[in-house]
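Participant: here is the input, now give the coordinates:
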Amino acid sequence: MKKNEVKVMKEEVRLFFNKHTLLIFLALDKKGWNYAAKIRASVSNLTEGTMYSYCTMRLMDFRDLGLCEDRVIGRKHEYKLTPKGRKLQKELVALVGSPYEKIGH
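Facilitator: Now for the predicted structure:
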């Protein structure tokens, strides 16, 4: 794939993906469980803010699609990428990059 084709593809991905939804998905750590509140905070640091309820709704959508699994410990909800989710995340990062790589996430 040529460099200009990649640039066009990045623009198409941005057009079809909601920025907050994409950032929530990219904020899921590949290595283990993530608290929903921590994911929301990561996204809010890069945007004007993200509602906790919006974040948890998207995480439940990802779960329903088989991209992550969830568990509840006390009152805290945690999410972890499935192999399918890790594969998609890797492909999305290759297409659009990840702002979290720059800040050590």
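Participant: all contacts plus neighbour counts: C-alpha atoms, from now on.
Facilitator: OK.
Participant: quick check: which element contains the residue most central in space within the chain?
Facilitator: Note on the chain: the residue nearest the mean C-alpha position is Phe25, at 1.2 Å, using C-alpha atoms, centre = their mean. With elements taken from DSSP states H and E, the one containing Phe25 is helix 19-27.
Participant: so how far is that helix from its chain's centroid?
Facilitator: Helix 19-27 has its average C-alpha position 4 Å from the chain's average C-alpha position, going by C-alpha atoms, centre = their mean, to the nearest Å.
Participant: packing partners of whichever helix or strand comes after that helix?
Facilitator: Using DSSP H and E, the next helix or strand after helix 19-27 towards the C-terminus is strand 34-35. Packed against strand 34-35, as judged by 3 or more C-alpha pairs under 8 Å, 6 or more residues apart in numbering; DSSP states H and E, are the following elements: strand 76-81.
Participant: buried sites along stretch 74-86?
Facilitator: When neighbours are counted by 16 or more other C-alpha atoms under 10 Å, the buried residues of stretch 74-86 are found to be Glu78, Tyr79, Lys80, Leu81, Thr82, Gly85, Arg86.
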